[in-house]
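Student: predicted model and sequence follow; I will ask about them next.
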There are 2 protein chains.
Amino acid sequence: MISIPGFQLSSVSSGVKKSGKKDLALIFSDVPAKAAAVFTTNIVKAAPVILGQERIKQGLCQAIVVNSGIANAFTGTSGYQNAVQTTKNISASLGIEESLVIPSSTGLIGGPLPVAKIKKAIPNLISKLGPGGVEEAAKAIMTTDKFPKFAVRKLKIGKKEGTIAAIGKGAGMICPNMATMLCFIITDININKTTLKKALVNSVDNSFNKIIVDGDTSTNDSVIMLSNGVLDNNEITLKSSHYSKFENVLTDLNTEIAEMIVKDGEGATKVVKIDVQGARTVKEAEKIARTVGNSLLVKTAFFGEDPNWGRILAAAGRAGVMFNPDKVEMFFDDKRVIKNGAQFQAESKFAPVFKKPKFTVTIKLKEGNAESYVITSDLSHEYVSINSEYRT
Amino acid sequence: MISIPGFQLSSVSSGVKKSGKKDLALIFSDVPAKAAAVFTTNIVKAAPVILGQERIKQGLCQAIVVNSGIANAFTGTSGYQNAVQTTKNISASLGIEESLVIPSSTGLIGGPLPVAKIKKAIPNLISKLGPGGVEEAAKAIMTTDKFPKFAVRKLKIGKKEGTIAAIGKGAGMICPNMATMLCFIITDININKTTLKKALVNSVDNSFNKIIVDGDTSTNDSVIMLSNGVLDNNEITLKSSHYSKFENVLTDLNTEIAEMIVKDGEGATKVVKIDVQGARTVKEAEKIARTVGNSLLVKTAFFGEDPNWGRILAAAGRAGVMFNPDKVEMFFDDKRVIKNGAQFQAESKFAPVFKKPKFTVTIKLKEGNAESYVITSDLSHEYVSINSEYRT
């Protein structure tokens, strides 16, 4: 059983999901925890995101209440009030400050949050609180996800051993109406507020922000992290010798969740890393990686297992970055595909790589020393089916 | 029969297309014509584009030779030499300057241009030159196109009447390996070189650059325009009273071809205009229109006839443009969908619009007075099939 000292979790069915499956989860810290969050960059934000952004400012949080089934997005003023009311109900039952509760929602957009149903389920939700419950909570926040997503890491801080656990959801960067990628990270390791924020932002940049399924950004995307300090280690600061280890472990943990999301991507049959090397700047490398990773022609070629390097190079060429196509080299895993802008060897030598469920396309520009990458999926018939037929 | 004074066209089968269908077209002006062109912005350019860019610099051209079946892209130095050789063969047979011939290619990428086959077909190609032949030339440059694309306009210049004709190809902004959107425009109207260039660039911005099928930009995209002045009107300059009429007619002509390309888009079942109004700047309006028009979630919703305004607003929200979502209004054709950021009326009132093969989504931001639009298509199963199965 995964347990994180000082944290209790629970999950129940409140009836918001018509299937009767679990749809409400609570993450509770025995003491107010230091908190940081990264929310969607979409300027159209769901009500719980707007409220969460306000409350995270104080850098403290003691409970996160997450419902699935209804996203509480595009719901106007009443949607915001519903989010507030839900946190009021939770805080009253837990006997904690209302401002220490952050709400999170995922599911159908446009519909009103069933506040009454959730309220009715709260006593049961709270009575079930206890250590463990990570996997069940992960199940309770699923929407179109095919499997629950959670992961855990142990980290030595001097003689003590801390725990960091993550509970995520998402299939595709965004599901059709079932918006959202969510991740909740909890740790007993004591870390300074500003340092926690920095570690979270950096780790999100190098994990969740590297994945592409369909290029759309949800109105509900949220990553929220709590550190309750129960491990009682010396507070980690930016200057601590432990800091870089902490950030690395956190990035590694988030990358595991991020790769689960790509793997669970809508209709995805392939997970492909687009690795751009030899760019003049990291920004330019990333621009190319993103353009290739978002190209429909490239993604359909992955689905068709067609080792079509021309589409990849053409996508790189329209990224808005200057490079000399005649110097470019490309590899599929370790197989050389092009050299000096032309095909290097017979297609039969590198075509088998595209049969694999997971592989890397490396593009070497030879313009400089910067590099970046993204992780993308293919574009399948099932993607079109899921997203065109969802509401019918 | 469409005929443009002073121009002769012809088309034959050279055997480059294995089907035996026509695959070689020649556009010939009796006298050297003033010429302007707009080529792909992709920095990976096909050999004929590189050669065309060099030759268009003199602002004169007398013959355009277009082959379909092989794109002569990603073919390195030998590809360039093949393009040069083809224009040498054409110019020798026509008895004109080699530099007055511009080549153009569309078809499979990566393979070598069959220069010998083309050379063998040239005597026949030239012997068939004559007025008319527009429709046959349009057929000869087709690849995955389902129908030939050409259009014509008449334009009064004082007491004289000039003709502008366009021959296009393209299905999707780019076809899988069959790269390319091409358009050749010919007119007998006398117009100043610089003015011709300006009219062409403006009209392309407001026609071809407004269409989105899959957001990819081909290595071969080219629009080339010739004006041979045979009408013998007073040369049109930027200061002429006729200039704006000329540009408008040209834009109208190119829009007709552009809409044919969207309609012929790979697997497209819908043609949708995304019209963004009330933006602070045209650039911001265009950014939003493009982000919405490129969104896979929006395009699959069009295919599924799902009037999912939430996906549209969410796509607008990630365009990188600040606006207040609570002020936004949206219309599907003339049906109001959202007002003040929330649904305005029952879905049954606006849902029928999505059943139409052609409709407009209007987004009113109320931030300023600038507007822009794009024309996009839906994303269908057939798109995935065409692009994933093309080489199998």
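Tutor: Thanks, I have it. Residues are numbered from 1 along each chain as shown, chains lettered A, B, ... in the order given.

Student: would you map the strands across the stretch 251-392 of chain A?
Tutor: Listed in chain order, the strands of the stretch 251-392 of chain A (DSSP state E, counting those that start in this stretch) span A:271-279, A:329-332, A:335-339, A:342-343, A:358-364, A:370-377.

Student: so which of those strands comes closest to B:Lys34?
Tutor: strand A:342-343 (36.1 Å; C-beta to C-beta). All C-beta spots, glycine's among them, are computed from the backbone N, C-alpha and C.

Student: can you pull out the helices in the stretch 151-300 of chain A?
Tutor: A:193-205, A:243-263, A:282-294, A:296-303 (DSSP state H, counting those that start in this stretch).

Student: okay, the ones you listed in CSV with distance to chain B next?
Tutor: Below are those laid out as CSV (distance: least, C-beta to the nearest C-beta, whole Å):
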stretch, distance to chain B
helix A:193-205, 17
helix A:243-263, 15
helix A:282-294, 8
helix A:296-303, 4
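
Student: just name the most buried of the ones you listed.
Tutor: helix A:296-303 (a mean of 28; mean count of other C-beta atoms under 10 Å in any protein chain shown).

Student: which residues sit against stretch A:317-330?
Tutor: Stretch A:317-330 has contacts (C-beta atoms under 8 Å, 6 or more residues apart in numbering or on different chains) with A:279, A:284, A:287-288, A:290-292, A:309, A:312-313, A:316, A:336-341, A:361-367, B:41-45, B:76, B:216-217, B:219.

Student: of those, keep whichever come out buried.
Tutor: A:279, A:284, A:287-288, A:290-292, A:309, A:312-313, A:316, A:337-338, A:341, A:361-365, A:367, B:42-45, B:216-217, B:219 (16 or more other C-beta atoms under 10 Å in any protein chain shown).

Student: next one: the residue sitting nearest the centre point of chain A relative to chain B, how far apart?
Tutor: In chain A, the residue lying closest to the centroid (C-alpha atoms, centre = their mean) is A:Phe208, at 4.5 Å. A:Phe208 is 15 Å from chain B, where distance means C-beta to the nearest C-beta, to the nearest Å.

Student: ok, now A:Asp264?
Tutor: 17 Å.

Student: surely that residue meets A:Lys146?
Tutor: Yes: using C-beta atoms under 8 Å, A:Asp264 is in contact with A:Lys146, at 5.3 Å.

Student: tell me which of those two has more neighbours.
Tutor: Comparing A:Asp264 with A:Lys146 by other C-beta atoms under 10 Å in any protein chain shown, the one with more neighbours is A:Asp264, at 22 against 11.

Student: follow-up on the earlier one: so can I have a markdown table of the helices of the stretch 151-300 of chain A showing mean pLDDT?
Tutor: Below are the helices of the stretch 151-300 of chain A laid out as a markdown table (pLDDT from 0 to 100):
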| stretch | mean pLDDT |
| --- | --- |
| helix A:193-205 | 96 |
| helix A:243-263 | 93 |
| helix A:282-294 | 93 |
| helix A:296-303 | 87 |
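
Student: domains in chain A, as residue ranges please.
Tutor: Taking automatic domain parsing as the reference, chain A has its domains at A:7-261, A:271-389.

Student: and the longest one, how far from the chain's centre?
Tutor: How far domain A:7-261 lies from its chain's middle: 11 Å, per C-alpha atoms, centre = their mean, to the nearest Å.

Student: sketch out the low-pLDDT regions of chain A for me.
Tutor: Scanning chain A for pLDDT under 70 picks out A:172-180, A:213-217, A:266, A:386-392.

Student: now do 50
Tutor: A:173-179, A:391-392 (pLDDT under 50).

Student: where is the longest strand in it?
Tutor: In chain A, ranked by residue count with DSSP state E as the criterion, the top strand is strand A:24-39.

Student: how about that strand and chain B, touching?
Tutor: No: judged by C-beta under 8 Å from any C-beta of the partner chain, strand A:24-39 stays clear of chain B, getting no closer than 12.7 Å.

Student: tell me if the helix or strand following that strand is near chain B.
Tutor: Beyond strand A:24-39 on the C-terminal side, the first helix or strand identified by DSSP states H and E is helix A:47-56. No: counting by C-beta under 8 Å from any C-beta, chain B has no neighbours in helix A:47-56; the shortest distance is 10.7 Å.

Student: so what sits against both of A:Asp264 and A:Lys146?
Tutor: Joint contacts of A:Asp264 and A:Lys146 (C-beta under 8 Å, 6+ apart) are A:Ala171.

Student: from what I see, A:Asn42 and A:Ser222 are in contact.
Tutor: No: between A:Asn42 and A:Ser222 there is no contact under C-beta under 8 Å: 11.4 Å.

Student: let me see the contact set for A:Gln53.
Tutor: A:37, A:39, A:45.

Student: out of those residues, which one sits closest to chain B?
Tutor: The closest of the contacts of A:Gln53 to chain B turns out to be A:Lys45 (C-beta to the nearest C-beta; 8.0 Å).

Student: does the closest one touch A:Leu51 like I think?
Tutor: No: at 9.8 Å, A:Lys45 and A:Leu51 do not qualify as touching, with contact defined as C-beta under 8 Å.
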